[in-house]
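Participant: Provided below are the primary sequence and the corresponding predicted coordinates.
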Amino acid sequence: MNANYRDSRPVWRLIPLMRADGATQMAIDRWLFEQHTQGLHPPTLRFYTWEPIALSLGYHQRQIPEHWRSLTYQEQPIDLVRRPSGGRAVLHQGDLTYAVITSGLEPSRKAAYEKICAFLIEGWRSLGISLHYGNAGRGYIHNPHCFGTATSADLVTDSGYKLVGSAQLRRGECILQHGSMRLCPDFDLSCQVFGTAQTTDGVIKSAIGDPPDLAAIIAVLATAAEQCFGICLVAQPITSAEWRQIDALKIDALGDTRQNFRQSL
């Protein structure tokens, strides 16, 4: 390559795969969004998993079934955490979560979803899975389970299996969109939480392996993001200084969640 060559594509930050509890993951997403809205942080893509398993609630989802407060999995409590984004409850077990923080997209919420989801569609196509948007109407708001319906913001397989459920937080031109990709969920647990039985799409397991190779999936999705957004991703872990700011938000997030839960009683 010519030594004078310079990549002219916009640079986004790629935060390496991270496993953490729900309050920490939501504090990170919130911090990245707040920093970006103030012009202090570039657009960002990250992928993460939840440990311990968590049930995340949409920001406006106030009323919850009483048994959700005492859920367990393999004799361990299941965390309850509130997302800064909207939508319904998501059980984070056997999934991979993505987050995109960016700005300057179309003002239409639908258009912004489609712009961001393009990298998911292209990436999963490369992995052998064809995805298209759901078509559920407004009735979805009465279903507390995010994966119980598939709206025009969600991605389903040809068999109708909802693989990706996404939600947004917007402020001016800035957007936080994050979503769960259900790779190998425990459907008995899902039935325990939501009271409805579901089955997986066998094509997914054959495409991603059992257990799934998260590093390989992320590599394909990151490449698709560079192509779809016309960007260059630069990997950078969260620094010690950043963690200090995120930890402060984590405390606030926990306090806010507990207050909201008390109000919903």
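Facilitator: On my side now, so go ahead. Residues are numbered from 1 along each chain as shown.

Participant: hey, where'd the helices end up in the chain?
Facilitator: 22-37, 109-126, 187-194, 202-208, 214-229, 240-263 (DSSP state H).

Participant: quick one: which of these is nearest Arg83?
Facilitator: Shortest separation from Arg83 across these is recorded for helix 22-37, at 5.9 Å, computed as Cβ to Cβ. All C-beta spots, glycine's among them, are computed from the backbone N, C-alpha and C.

Participant: For that closest one, which helices and strands make contact with it?
Facilitator: The helices and strands touching helix 22-37, judged by 3 or more Cβ pairs under 8 Å, 6 or more residues apart in numbering; DSSP states H and E, are strand 11-20, strand 44-50, strand 54-57, strand 79-82, strand 95-103, strand 162-171, strand 174-182, helix 240-263.

Participant: These into a markdown table, with extra columns for mean pLDDT and distance to Ser130?
Facilitator: Converted to a markdown table, the helices and strands packed on helix 22-37 look like this (pLDDT from 0 to 100; distance: least, Cβ to Cβ, whole Å):
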| stretch | mean pLDDT | distance to Ser130 |
| --- | --- | --- |
| strand 11-20 | 98 | 25 |
| strand 44-50 | 98 | 21 |
| strand 54-57 | 94 | 27 |
| strand 79-82 | 93 | 32 |
| strand 95-103 | 98 | 18 |
| strand 162-171 | 94 | 10 |
| strand 174-182 | 97 | 15 |
| helix 240-263 | 66 | 37 |
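
Participant: and Lys110, which of the ones you listed is closest to it?
Facilitator: Nearest to Lys110, of these and by Cβ to Cβ, is strand 162-171 at 10.7 Å.

Participant: middle-most residue in the protein, spatially?
Facilitator: Gly179 (2.4 Å; Cα atoms, centre = their mean).

Participant: Spit out the contact partners of the residue lying closest to that residue once chain neighbours are set aside.
Facilitator: Among residues not flanking Gly179 along the chain, Ser166 sits closest, at 3.3 Å (Cβ to Cβ, 6 or more residues apart in numbering). If you count contacts by Cβ atoms under 8 Å, 6 or more residues apart in numbering, Ser166 has them with 87, 113, 116-117, 153-155, 177-179.

Participant: Nearest to Ile129, out of those: which one, please.
Facilitator: Closest to Ile129, out of all of those and judged by Cβ to Cβ, is Leu155, at 9.4 Å.

Participant: Tell me which residues are up against stretch 213-226.
Facilitator: Under Cβ under 8 Å, 6+ apart, the answer for stretch 213-226 is 9, 12, 14, 17, 45, 47, 49, 96, 98, 100, 119-120, 122-124, 126-127, 183, 208, 231-233.

Participant: Just confirm the residue nearest to the centre of the chain contacts Lys162, I think it does.
Facilitator: No - using Cβ atoms under 8 Å, Gly179 is not in contact with Lys162; the gap is 10.7 Å.

Participant: Compare the helices and strands packed on helix 22-37 and report which one is nearest to Tyr133.
Facilitator: Comparing the helices and strands packed on helix 22-37 by Cβ to Cβ, strand 162-171 comes nearest, at 10.0 Å.

Participant: So which bits of the closest one are buried?
Facilitator: 162-170 (16 or more other Cβ atoms under 10 Å).

Participant: likewise stretch 193-203?
Facilitator: 193-194, 200-201.

Participant: and the gap between Leu14 and Val90?
Facilitator: 23 Å (Cβ to Cβ, to the nearest Å).

Participant: neighbour count winner among the two?
Facilitator: Neighbours around Leu14 and Val90, counted as other Cβ atoms under 10 Å, are more numerous at Val90. The numbers are 24 against 21.

Participant: Quick check: beta-bridge partners of the more buried one?
Facilitator: Ser56 (DSSP bridges).

Participant: Wait, it touches Gly165, no?
Facilitator: Yes - the pair Val90 / Gly165 is scored as a contact, 6.3 Å apart, by Cβ under 8 Å.

Participant: Pro52: neighbour count?
Facilitator: Neighbour tally, Pro52, other Cβ under 10 Å: 16.

Participant: How confident was the prediction at it?
Facilitator: Per-residue pLDDT puts Pro52 at 95.
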